[in-house]
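[1] I'd like to go over a predicted model; first the sequence, then the structure.
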2 protein chains.
Amino acid sequence: MTKPTSRAPLSADLLPATGAWRVGDPVGDRRFVEVTPGRPFSLEGGGVLRGVTVAYETWGTLAPDASNAVLICHALTGDSHAAGDSEVGGASKGWWHRLIGPGRAVDTDELFVVCVNVLGGCQGSTGPSSIDPTTDRPYGSTFPTITIRDIVRSQKAVADELGVERWLAVIGGSMGGMQALEWAVMYPDRVGGLVAIATTAAASAQQIAYSSVQRSAIVLDPNWNGGDYYDAAPGAGPHGGLAVAREMAHITYRTESEFAERFDRKQFDSLDTGFTAWQRFQVESYLDRQGEKLVRRFDANSYLAIARAMDLHDIGRGRAGIDRALARITAPVLTMAIDSDALYPPYQQEQLRDLIAANGGTVTHGVIHCVEGHDGFLTCPDQVGAAVAPFLAQLRNHPRTEI
Amino acid sequence: MTKPTSRAPLSADLLPATGAWRVGDPVGDRRFVEVTPGRPFSLEGGGVLRGVTVAYETWGTLAPDASNAVLICHALTGDSHAAGDSEVGGASKGWWHRLIGPGRAVDTDELFVVCVNVLGGCQGSTGPSSIDPTTDRPYGSTFPTITIRDIVRSQKAVADELGVERWLAVIGGSMGGMQALEWAVMYPDRVGGLVAIATTAAASAQQIAYSSVQRSAIVLDPNWNGGDYYDAAPGAGPHGGLAVAREMAHITYRTESEFAERFDRKQFDSLDTGFTAWQRFQVESYLDRQGEKLVRRFDANSYLAIARAMDLHDIGRGRAGIDRALARITAPVLTMAIDSDALYPPYQQEQLRDLIAANGGTVTHGVIHCVEGHDGFLTCPDQVGAAVAPFLAQLRNHPRTEI
């Protein structure tokens, strides 16, 4: 029974225990900044981190008056490599390379573009795989709970370091949109415009449910070892659990109709027997590849920490509710929905639009028509760009009165 | 980090390795029939089982001419206990007890109702937890691949045993509907009517994807032990993997809006700190309960075998395609869709209706308006009954000409 029902073993059997970038790995185009030099970084949940560093990348040239800086915020498994081609020590192509670049919608001939690996991440910023300076060991199980607000607060250090008094715009999809919203609420003076794509004011019960079950899959992997697996031998990290979590998530990022069109009931490899019902289906091997790709570049504990931060996302927490929180936003807003997104359904972005408008805010709403569901903000960048480019142009042509 | 991100441990720590019914357990109302006495049972995929037994339950009285027999087919984790109250050795209440009973839509004052635990199952029928008579050990990893057609072929033994030449109707939802369809295609002379609810002519890519990832979660559990875990000490069975699989599946059985309405972002237990963002959410503990409930009554290998049988479901296999296969159906058909079902979307049942009608079949279509999604065939039994009762009445009043 094992053969037809179990997953194919990861061909990545001898991968390191974590896909995290570690000190000593090639830095690529990463730059680093210490968030609160010489002081601890206090977290919303009460934890404290010391020596917090975030990694970031930039594209384009900052104008002398620093008026052309755009912050791109990445999603759950993203990193600072939002644009550009393949590089040593980084992701292959930038995850939004079709949106960001010379002559593109986010035009690096005109704009100075910044993307920061999130706190809790694993591609250069302090996260569970980083060395805790108080123990000289990876944080692992001791890494504290973080929130989107902690992530945003750590990103402010990059703005300060670069001399960006106010972002022309903060742009993000999914968890990136959560950060963009928090930026505009936490630091209204420092955000000139806000683009929130396929995101939500607060994680919904179903989003929490999917996230929770994905974390359970990681925890189920004996190689996760309570979160302390960084000393594991090659191949003995929590690859299986992280892969299953990713595969589960990936189904929710896409759509029934895309899968039907793309895979239907096609077999992975046809034998010559003429009766191949017992082979694996193509969609199964496709999912395995998604899992394996993530395992190569991600860290299981980062997945746990960041997914939990997403569940805790509630723009209204401690602010008398969502409506009152959104009223704090002073920047012009572009909200965007993806019509086929079942994970972050369009009603969530319509709620953002409606509440911001009801509070007197300036808001434009766009809909991306894309069969790929939630992943549409990545797979349909031209539609994202078609709305983002004029929004940015308007921000540049009609800057807000100085505060 | 472990606390807020990991799942609560199963309170079922000392459960037996399998939730399967085993020989020696109380039989409840189960009856048993050997499928091919004295002969091996050959499977579609080439496997062979010996001494195959299926367990079934009945309600009501078979008419002298055996014209009032209705077969109920259960879904993935169901069993033969479709109706009636709690009993020793069985599920609590019958899983369709609001539909089936005296004076109910499937009226046991008038009808003789039968439900058979599927081959591969774990509540009395031969499955992976059964003893292989050739080794005197549980099948475990050696249990062969089965299909819906094998399941239906094994059920025919019950019809023969009971003297039911032709079922008045075969009724099922989800995987039960797959069986009902196969009954009508494989044995058209023995099916007087067919009710197929929230089911499909062939498993879709997304259905296979979800199923595949659920199986991966079970296989990931070290206690699964390659499928041979029946000797494990109490508490050492693959409970974690089966629970994660169930939790994942359960989200897909329900809907975003039901979860939003029911759970929103409510915390599981509020501490007195006034700031409870770090507690688990109610939806998380709810999912844990779903997992734990299944672990108490189900077998991980049965989940693997039956979920795979569902993936392999393709009414058109070896029959020149779905259209030609459905043309073999001679019985009147009632198809039913659930308007909020994202896992078996209404287009799948509409396809059944359209193809059966296009082939000259008699087909009625009903829509269940229910917020619970795919589970609607279980949670909204009154709407199921409102369509099934008149369909059954029509079958009784206008029996087909004898063949």
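    The structure has been received and is ready for your questions. Numbering: from 1, shown residues only, chains lettered A, B, ... in the order given.
[2] Pass me the low-pLDDT residue ranges in the stretch 201-350 of chain A, would you?
    A:269-278 (pLDDT under 70).
[3] Next one: residue A:134 relative to chain B, how far apart?
    Distance from residue A:134 to chain B, counting by Cβ to the nearest Cβ, to the nearest Å: 16 Å. Bear in mind the C-beta positions are built from the backbone N, C-alpha and C, glycine included.
[4] What of residue A:76?
    14 Å.
[5] That residue touches residue A:307, doesn't it?
    Yes: with contact defined as Cβ atoms under 8 Å, residue A:76 reaches residue A:307; the gap is 6.4 Å.
[6] Which one's more surrounded, the two?
    Legend: neighbour count by other Cβ atoms under 10 Å in any protein chain shown for residue A:76 and residue A:307, higher for residue A:307 (26 against 21).
[7] Am I right that the more buried one falls within a helix?
    Yes: assessed with DSSP: H, G, I helix; E, B strand; the rest coil, residue A:307 lies in a helix.
[8] Quick check: nearest residue in space to residue A:155, chain neighbours excluded?
    Closest residue to residue A:155 apart from its sequence neighbours, by Cβ to Cβ, 6 or more residues apart in numbering or on different chains: residue A:116 at 4.9 Å.
[9] Neighbours of that neighbour, how many?
    So residue A:116, with other Cβ under 10 Å, has 31 neighbours.
[10] how close does it sit to residue B:211?
    38 Å (Cβ to Cβ, to the nearest Å).
[11] And for residue A:296?
    26 Å.
[12] The two: which is more packed in?
    Neighbour count, other Cβ under 10 Å: between residue A:296 and residue B:211, residue B:211 has more, with 28 against 12.
[13] right, and that one touches residue B:307 too?
    Yes: counting by Cβ under 8 Å, residue B:211 touches residue B:307, with 4.6 Å between them.
[14] Tell me which residues touch the residue nearest the centre of chain A, please.
    With distances taken as Cα atoms, centre = their mean, residue A:75 lies nearest the centre of chain A, 1.2 Å away. Residue A:75 sits next to A:172, A:173, A:174, A:175, A:176 when contact means Cβ atoms under 8 Å, 6 or more residues apart in numbering or on different chains.
[15] Just give the closest residue to it, not the sequence neighbours.
    residue A:174 (4.1 Å).
[16] ditto for residue A:23
    Residue A:23 sits nearest to residue A:131 (Cβ to Cβ, 6+ apart), 7.2 Å away.
[17] Chain B versus that neighbour, what's the distance?
    Residue A:131 is 16 Å from chain B, by Cβ to the nearest Cβ.
[18] returning to that earlier point: among the contacts of residue A:75, pick out the one closest to residue A:150, please.
    residue A:175 (13.1 Å; Cβ to Cβ).
[19] tally of neighbours for that closest one?
    26.
[20] And residue A:67, by the same measure?
    Residue A:67 has 18 nearby residues by other Cβ under 10 Å.
[21] So it is in contact with residue A:168, correct?
    Yes: the criterion here is Cβ under 8 Å, and residue A:67 meets it with residue A:168 at 6.5 Å.
[22] Contact partners for residue A:118?
    A:54, A:73, A:74, A:125, A:151, A:154, A:175, A:179, A:306.
[23] What pairs with the one helix or strand the first one maps to, parallel or antiparallel?
    For residue A:54, the host element (DSSP states H and E) is strand A:53-59. Strand A:53-59 has the following sheet partners, assigned by DSSP bridges: strand A:31-34 (antiparallel), strand A:112-116 (antiparallel).
[24] Deepest-packed of those, please.
    Most buried of the strands paired with strand A:53-59, by mean neighbour count (mean count of other Cβ atoms under 10 Å in any protein chain shown): strand A:112-116, with a mean of 27.
[25] could you point out which element follows it?
    Next along from strand A:112-116, by DSSP H and E: strand A:131-132.
[26] That next one pairs with which strands?
    strand A:137-138 (antiparallel).
[27] Not counting the strand it pairs with itself, show me its contacts.
    A:128, A:129, A:130, A:131, A:132, A:228, A:230.
[28] centre of the chain versus that strand, how much separation?
    Mean-position distance between strand A:137-138 and its chain equals 24 Å (Cα atoms, centre = their mean, to the nearest Å).
[29] ok, now which ones touch residue A:77?
    A:246, A:294, A:298, A:303.
[30] Let me know the closest of those residues to residue B:342.
    So of the contacts of residue A:77, ranked by how close each gets to residue B:342 (Cβ to Cβ), first place is residue A:246, at 20.8 Å.
[31] of the contacts of residue A:118, closest to residue B:382?
    Looking across these and measuring by Cβ to Cβ, the closest to residue B:382 is residue A:175, at 41.4 Å.
[32] so what's that closest one up against?
    Under the criterion of Cβ under 8 Å, 6+ apart, the neighbours of residue A:175 are A:73, A:74, A:75, A:76, A:118, A:148, A:199, A:306, A:309, A:310, A:313.
[33] how about JSON lines for those residues, with secondary structure added?
    Shown next, in JSON lines, are the contacts of residue A:175 (three-state DSSP):
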{"residue": "A:73", "secondary structure": "strand"}
{"residue": "A:74", "secondary structure": "coil"}
{"residue": "A:75", "secondary structure": "coil"}
{"residue": "A:76", "secondary structure": "coil"}
{"residue": "A:118", "secondary structure": "coil"}
{"residue": "A:148", "secondary structure": "helix"}
{"residue": "A:199", "secondary structure": "coil"}
{"residue": "A:306", "secondary structure": "helix"}
{"residue": "A:309", "secondary structure": "helix"}
{"residue": "A:310", "secondary structure": "helix"}
{"residue": "A:313", "secondary structure": "coil"}
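[34] all helices of chain A, in order?
    Along chain A, counting by DSSP state H, helices occupy A:2-5, A:148-162, A:175-186, A:205-220, A:239-253, A:256-262, A:282-297, A:300-312, A:322-326, A:346-358, A:376-379, A:381-397.
[35] show me what contacts residue A:146?
    A:43, A:44, A:45, A:47, A:119, A:120, A:305, A:306, A:308, A:309.
[36] what's the answer for residue A:383, then?
    A:368, A:369, A:370, A:376.
[37] Model confidence for the residue nearest to the centre of chain A, exactly?
    Looking at residue A:75, its pLDDT stands at 98.
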